[in-house]
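> Below are the sequence and a predicted model; questions follow.
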Amino acid sequence: MNNWKQYFKPFVVDDLLIKPTWEEIPEGMEGKKLIQIDPGMAFGTGKHETTQLCIKQLIKYIEGAKEAPTVLDVGCGSGILSVVALKYGAEYALGTDLDPNAIIASEENSVQNNITKEQFEVIEGNIIDDKNIKDRCGYECYDIVCANILADVLEPLSVNIHEHMKHGAYFITSGIINTKEDEVVNAFKKNSELEIVEINHDGEWVNVTARRK
């Protein structure tokens, strides 16, 4: 269960240093913006191309926002995307995940990064078809929604995710292997509320970012 830890070393995404909680800050990197992550049994060290695609998009749209945005993190895993969002100026983040291990990891990682419970909450459940979870997330109240999950989940999610987004809000997605890109893009295009504004690639992985009209 813990053997993988020997391969998780500090690394940099743009000006952001991401390091496991059990490693020291590397020499010469003391001045960088820092996030500490222990994913536990949940997905999300930040090393994967899909996570890095989402991180770069999050930073871009948060830094470009006129006011501190609110963020919904669907399939939050370790909570890394919410932590990044809050470190870069988001006002509030709510994470959802089906995996109880993700809830534990997200809460622990928020503590590691000095994030308060008022800034970041996590709930267990399925936002796609669970009315209670949808209600708890709230409607038309997020400036950014991020979802780093599989294409087969993004497609049904894209049908109704706009319900939780403000008009003009961004939907930042990855977890999409390039062979599924056209399928996901076509699913997004079927939702008249969404307009695709960016498609980015890192190796064989794809980010699709859409905007609610």
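Cool, got the structure.
> Now the lengthiest helix in the chain: buried residues?
Counting by DSSP state H, the longest helix found in the chain is helix 49-63. For helix 49-63, a neighbour-count test (16 or more other C-beta atoms under 10 Å) marks 49-62 as buried. Every C-beta, even on glycine, is put in place using the N, C-alpha and C of the backbone.
> Please identify which of these is nearest to Pro39.
Nearest to Pro39 out of those is Thr51 (C-beta to C-beta; 10.4 Å).
> Would you check how far apart that closest one and Arg212 are?
23 Å (C-beta to C-beta, to the nearest Å).
> what ranges of this protein fall below the confidence cut-off?
Along the chain, the parts satisfying pLDDT under 70 run over 1-4.
> for it, what spans make up the helices?
Here the chain has its helices, by DSSP H, at 49-63, 80-87, 100-112, 131-137, 151-160, 181-189.
> Show me what counts as buried in the shortest one.
Going back to what we said before, that points to helix 131-137. Ile133, Lys134, Cys137.
> Tell me the one among those nearest to Ala68.
Distance to Ala68 across these (C-beta to C-beta) is lowest for Cys137, with 18.8 Å.
> Skip the chain neighbours and tell me the closest residue to the closest one.
His164 (5.5 Å; C-beta to C-beta, 6 or more residues apart in numbering).
> which residues does that neighbour contact?
Counting by C-beta atoms under 8 Å, 6 or more residues apart in numbering, His164 makes contact with Leu72, Ile127, Lys134, Cys137, Gly138, Tyr139, Glu140, Cys141, Tyr142, Val145.
> same deal with Tyr142?
Pro69, Thr70, Val71, Leu72, His164, Met165, Lys166, Ala169.
> ok, the closest residue to Ser106 other than its chain neighbours - how many residues close by?
Take Ser106 and drop its neighbours on the chain: the residue closest to it by C-beta to C-beta, 6+ apart is Gly79, 3.1 Å away. Look at Gly79: counted by other C-beta atoms under 10 Å, it has 31 neighbours.
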